[in-house]
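Undergrad: Fold the following, please.
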Amino acid sequence: MKSKSVKVDFLARVEGEGGISVKVRDDRVVDVQMRIFEPPRFFEAFLRERHFLEVPDITARICGICPVAYQMSACQAIEAAFGVRVNSGIRDLRRLLFAGEWIESHGLHIYMLHAPDFLGYEDGLQLAKDHPDAVKRGLKLKKIGNELMTIVGGREIHPVNVRVGGFYRLPDLRTLKAFTDQLKWARDAAVETIRWTATLPFPDFEMDFAFVSLRHPDE
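TA: The predicted model follows:
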């Protein structure tokens, strides 16, 4: 009986840090363990004795891919502590900013982190040689998500327009209307992404998950 272990301490295509260990016995994989880990960041300590208006800008630095999630969590926590209830217009704009983040994050994940492994390529650049249209679609989707974050949040990475109670400045209506055609393209591209992703060779594998969905009581 021959056995061996393969250990990769650092995986390149995960959002964060991760590693994997594989045990093989008689040319058969008998155990796989994947580890996603993050070192201490100490953001809780950074926030002590800071003015509450500083908190959203600090928490955004937790992640460069999904800063809005941390900003909104911080804003909503402080608003709840102060008894502040924002109006539906502010909630709609916040959701639009979230949508920009979802578009750019999912576009990055699917096309640059996810698809190369499923299709046997070293990275997205190698994938683009044989699937140029797919990669161009993914990069354009990500760009549109980034641009939407800039319009609403003031910047595509670590937005600077978010504040407790709303925004420092409302986005220009003409700019939003001019962006409509790109969003319509992104909607159609998202549908095509679903069709394309459905063709990937997913393994026959199931796990039990606890699916959780949160919804605002007024939406």
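
Undergrad: could you give me the average pLDDT of whatever helix or strand residue 175 lives in?
TA: Using DSSP states H and E, residue 175 maps to helix 173-178. Averaging the model's pLDDT scores along helix 173-178 yields 93.

Undergrad: hmm, who's touching it?
TA: Helix 173-178 has contacts (C-beta atoms under 8 Å, 6 or more residues apart in numbering) with residue 151. Bear in mind the C-beta positions are built from the backbone N, C-alpha and C, glycine included.

Undergrad: Check which residues of that helix are buried.
TA: Across helix 173-178, burial judged by 16 or more other C-beta atoms under 10 Å covers residue 176.

Undergrad: for stretch 81-93, same thing?
TA: residue 93.

Undergrad: now that stretch: mean pLDDT?
TA: Taken as a whole, stretch 81-93 carries a mean pLDDT of 94.

Undergrad: Quote the end-to-end distance of that stretch.
TA: End-to-end distance of stretch 81-93: 22 Å, with C-alpha to C-alpha, to the nearest Å as the criterion.

Undergrad: Make sure residue 24 is indeed in a helix.
TA: No - using DSSP: H, G, I helix; E, B strand; the rest coil, the secondary structure at residue 24 is strand, not a helix.

Undergrad: Show the contacting residues for it.
TA: Residues in contact with residue 24 (C-beta under 8 Å, 6+ apart) are 3-6, 30.

Undergrad: and those residues, which two are the farthest apart?
TA: Farthest-apart pair in the contacts of residue 24 is 6 and 30; separation 12.0 Å (C-beta to C-beta).

Undergrad: what's the overlap in contacts for the two?
TA: Common neighbours of residue 6 and residue 30 (C-beta under 8 Å, 6+ apart) are 23-24.

Undergrad: Now do the buried residues in the very next helix or strand once past the helix holding residue 175.
TA: Remark: after helix 173-178, the chain's next helix or strand is helix 180-197, criterion DSSP H and E. The neighbour-count check on helix 180-197 (16+ other C-beta under 10 Å) flags 183, 186, 189, 193, 196 as buried.

Undergrad: name the helices or strands packed onto helix 180-197?
TA: If you count contacts as 3 or more C-beta pairs under 8 Å, 6 or more residues apart in numbering; DSSP states H and E, helix 180-197 packs onto helix 88-108, helix 132-153.

Undergrad: okay, that helix in CSV with CA atoms only?
TA: Extracted C-alpha coordinates of helix 180-197, given in CSV (Å, rounded to 0.1, in the frame of the first residue of the first chain):
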residue,chain,number,x,y,z
THR,A,180,-28.5,53.0,-17.3
ASP,A,181,-27.5,51.5,-20.7
GLN,A,182,-24.4,49.9,-19.1
LEU,A,183,-26.5,48.5,-16.3
LYS,A,184,-28.8,47.0,-18.9
TRP,A,185,-25.8,45.4,-20.6
ALA,A,186,-24.7,44.1,-17.2
ARG,A,187,-28.1,42.5,-16.6
ASP,A,188,-28.0,40.6,-19.8
ALA,A,189,-24.3,39.7,-19.2
ALA,A,190,-25.3,38.3,-15.8
VAL,A,191,-27.9,36.1,-17.4
GLU,A,192,-25.3,34.9,-19.9
THR,A,193,-22.9,34.3,-17.0
ILE,A,194,-25.4,32.0,-15.4
ARG,A,195,-25.8,30.0,-18.6
TRP,A,196,-22.0,29.8,-19.0
THR,A,197,-21.3,28.9,-15.4
